[in-house]
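all I have is the shape, not the residue letters:
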């Protein structure tokens with residue numbers, strides 16, 4: 001899947017926020033660190049939508065980062081919505097529970113995850129998640 005450009009995302013951010021550039025684009029494309037674990041999770045969702053595997057890799061905790069492909073290109077899915085259910089930050093650890101809706105082979109599906117994040121050197125990183 002080709003990466004979408006900022007022009008493609010001018011109306012609203014895939015995560016449901018304001019314009020892409022004012023919301024997740026400043027982290028994904030401008031390189032600003034996400035200030036909270038919630039902002040990082042939303043920007044990672046937007047990176048999945050826009051096909052930005054480099055950003056996903058950069059924001060994954062190094063010791064847990066997959067070495068192979070993160071976004072499957074031969075059997076693509078279409079992300080259609082994000083709903084944040086809960087988030088908690090305690091010091092340098094945080095969790096974000098969310099449901100991401102997507103279509104695969106024309107069938108609507110949902111990914112329900114409780115993601116773990118840690119903060120190292122003033123940057124939040126995705127560690128892993130528990131699926132429901």
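In hand now; what should we look at? All of these numbers come straight from a predicted model, not from anything done at the bench. Residues are numbered from 1 along each chain as shown.

so who does residue 122 touch?
Shown in contact with residue 122 (CB atoms under 8 Å, 6 or more residues apart in numbering): residue 33. Placement of C-beta: from N, CA and C, glycine included.

and residue 81, bridged to which residues?
With DSSP bridges as the criterion, residue 81 is bridged to residue 101.

what's around it, how many residues?
Neighbours of residue 81 under the rule other CB atoms under 10 Å: 15.

for residue 23, what are its contacts?
13, 15, 17, 42, 46.

look up the pLDDT of it for me, please.
We have a pLDDT of 96 for residue 23.

Provide a list of residues in contact with the most centrally placed residue in the chain.
With distances taken as CA atoms, centre = their mean, the residue of the chain nearest its centroid is residue 44 (1.6 Å). If you count contacts by CB under 8 Å, 6+ apart, residue 44 has them with 55-56, 59, 126.

kindly report the same for residue 11.
Here residue 11 is in contact with residue 19 (CB under 8 Å, 6+ apart).

please report how far it lies from residue 37.
26 Å (CB to CB, to the nearest Å).

just to check, residue 80 is in contact with residue 104?
No. Between residue 80 and residue 104 there is no contact under CB atoms under 8 Å: 10.7 Å.

so, low pLDDT: which residues of this structure?
By pLDDT under 70, the weakly predicted segments of the chain are 1-10.

where do the helices sit along it?
26-28, 37-50, 53-58 (DSSP state H).

how about TSV for those, with distance to residue 89 added?
Putting the helices of the chain into TSV (distance: least, CB to CB, whole Å) gives the following:
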stretch	distance to residue 89
helix 26-28	17
helix 37-50	6
helix 53-58	21
